[in-house]
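**Student:** This is a predicted model, with the sequence first.
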Amino acid sequence: MNSRNLIGRAIVLALLFLGAMLVLTPFFWMLSLSFKSQAEIFSPTISLFPDQLQWDNYRAAFERTTLLRFLVNGLVVCGGILFFQILFALPCAYALAQRRFRGRSLIFGLVLAGLLVPFHVTAIPIFLGLAELRLLNTYGALILPFVASVFGIFLFRQAISAMPVELFEAARIDGLSEGAIAWRIALPLAMPAATAFAIFSVVAHWNDLFWPLIAISDPALAPPPRGILYFRDEESGTDVGPLMAAAVVIVAPMVVAFLLAQRRFIQGLAVGGLKG
């Protein structure tokens with residue numbers, strides 16, 4: 001390896017290191033603040049590490065609000081959304097990838113167009129519809145608007161399109177129905193794409209504040225981001241130490257889940273881009 005290649009690799013590694021530092025600095029600062037006392041947090045000097053670990057911040061995070069309930073609500077909402085998204089996305093993606101019917105290209109074009117429409121555009125009509133159905137302040141209000149995912153349909157369609165057609169033809173010869181082929185053959189083979197989609201879906205809805213802020217007002221139904229707002233007090237302001245401790249508790253499951261599934265996550269994104 002010549003000197004030019006070594007310099008190029010060094011520059012790439014330096015840029016990657018700089019980018020990683022920029023991304024990780026807010027998380028490091030959040031973790032540091034979660035172990036600091038209120039006086040140290042508002043000290044005029046900046047210290048990266050706490051002088052003394054304040055574990056009471058984590059105890060206060062669970063005692064001051066129902067943080068455990070917020071976490072359970074997040075699991076219920078994210079799990080329900082992911083279940084219905086896969087339930088609807090996989091058969092649609094299988095039909096678009098492996099079946100031939102009139103209007104297939106048009107429908108796929110509409111799916112791609114749906115990727116361009118932000119949820120905020122449809123939030124008001126959805127809110128009014130849920131209000132008419134008297135579903136506000138329920139788990140249904142947090143789950144129903146997201147059960148159909150055009151991104152999920154697109155990602156699964158790309159993954160199933162890359163699978164050999166002969167495999168599905170052999171399954172039909174063996175007498176399997178189209179539904180059985182989709183769930184018993186396509187889904188296991190598309191598991192890397194399913195893992196990647198699950199990470200995207202869970203992270204997006206676990207961190208979502210916009211819709212829970214509109215759809216619910218009952219603290220007993222608040223998911224984690226909505227629940228964090230209850231750390232604010234009109235008289236004393238924001239108690240930063242317990243707030244940062246709660247943020248660490250909320251972020252930690254997402255970080256652990258991604259680290260455990262990162263290989264399949266990368267495989268799913270790679271497979272999803274193999275065939276248009």
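**Tutor:** In hand now; what should we look at?
**Student:** What segments of this protein are strands?
**Tutor:** Secondary structure of the chain (DSSP state E): strands at 232-233, 237-238.
**Student:** need the least confident one among these, by mean pLDDT.
**Tutor:** When the strands of the chain are compared on average pLDDT, strand 237-238 comes out lowest at a mean of 58.
**Student:** how about the residue lying closest to Ser201 once chain neighbours are set aside, what does it touch?
**Tutor:** Distances taken as Cβ to Cβ, 6 or more residues apart in numbering put Leu82 closest to Ser201, at 5.1 Å, once the chain neighbours are dropped. (Each C-beta comes from the backbone N, C-alpha and C, glycine too.) Applying Cβ atoms under 8 Å, 6 or more residues apart in numbering, we find Leu82 in contact with Ala198, Ser201, Val202.
**Student:** Who are the contact partners of Val165?
**Tutor:** Contacts of Val165 (Cβ under 8 Å, 6+ apart): Gln98.
**Student:** same check, this time on Met163
**Tutor:** By Cβ under 8 Å, 6+ apart, the neighbours of Met163 are Ala97, Ala186, Leu189, Ala190.
**Student:** That one and Phe151: what is the separation?
**Tutor:** Remark: distance between Met163 and Phe151 (Cβ to Cβ, to the nearest Å) = 20 Å.
**Student:** now Arg4
**Tutor:** Taking Cβ to Cβ, one finds Arg4 at 41 Å from Phe151.
**Student:** Please apply the same query to Asp218.
**Tutor:** Taking Cβ to Cβ, one finds Asp218 at 29 Å from Phe151.
**Student:** Neighbour count: those two, which is higher?
**Tutor:** For Asp218 and Phe151, the more surrounded residue by other Cβ atoms under 10 Å is Phe151, and the numbers stand at 16 against 9.
**Student:** What segments of the stretch 101-250 of the chain are helices?
**Tutor:** Using DSSP state H, counting those that start in this stretch, the helices found in the stretch 101-250 of the chain span residues 104-114, 119-132, 139-143, 150-161, 165-173, 178-181, 187-189, 191-206, 210-215, 224-228, 240-272.
**Student:** Between those helices, which one is closest to Ser32.
**Tutor:** Ser32 lies closest, by Cβ to Cβ, to one member of the helices of the stretch 101-250 of the chain: helix 240-272, at 8.4 Å.
**Student:** Helix 191-206 and the closest one, what's the angle between them?
**Tutor:** 150 degrees (axes from the mean of the first three to the mean of the last three Cα atoms, to 10 degrees).
**Student:** Which strands or helices does helix 240-272 pack on?
**Tutor:** On a contact count with 3 or more Cβ pairs under 8 Å, 6 or more residues apart in numbering; DSSP states H and E, helix 240-272 meets helix 3-34, helix 38-41, helix 56-64, helix 67-98, helix 150-161, helix 191-206, helix 224-228.
**Student:** Dump the ones you listed to CSV, plus distance to Ala252.
**Tutor:** Output for the helices and strands packed on helix 240-272, formatted as CSV (distance: least, Cβ to Cβ, whole Å):
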stretch, distance to Ala252
helix 3-34, 10
helix 38-41, 20
helix 56-64, 11
helix 67-98, 10
helix 150-161, 25
helix 191-206, 11
helix 224-228, 11
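**Student:** of those helices, which approaches Val251 most closely?
**Tutor:** Taking these one by one with Cβ to Cβ, helix 3-34 is closest: 7.2 Å.
**Student:** Roughly how far does Pro253 sit from Ala20?
**Tutor:** 21 Å.
**Student:** who has more neighbours, these two?
**Tutor:** Neighbours per residue, other Cβ under 10 Å: of Pro253 and Ala20, the larger number sits with Pro253, 15 against 10.
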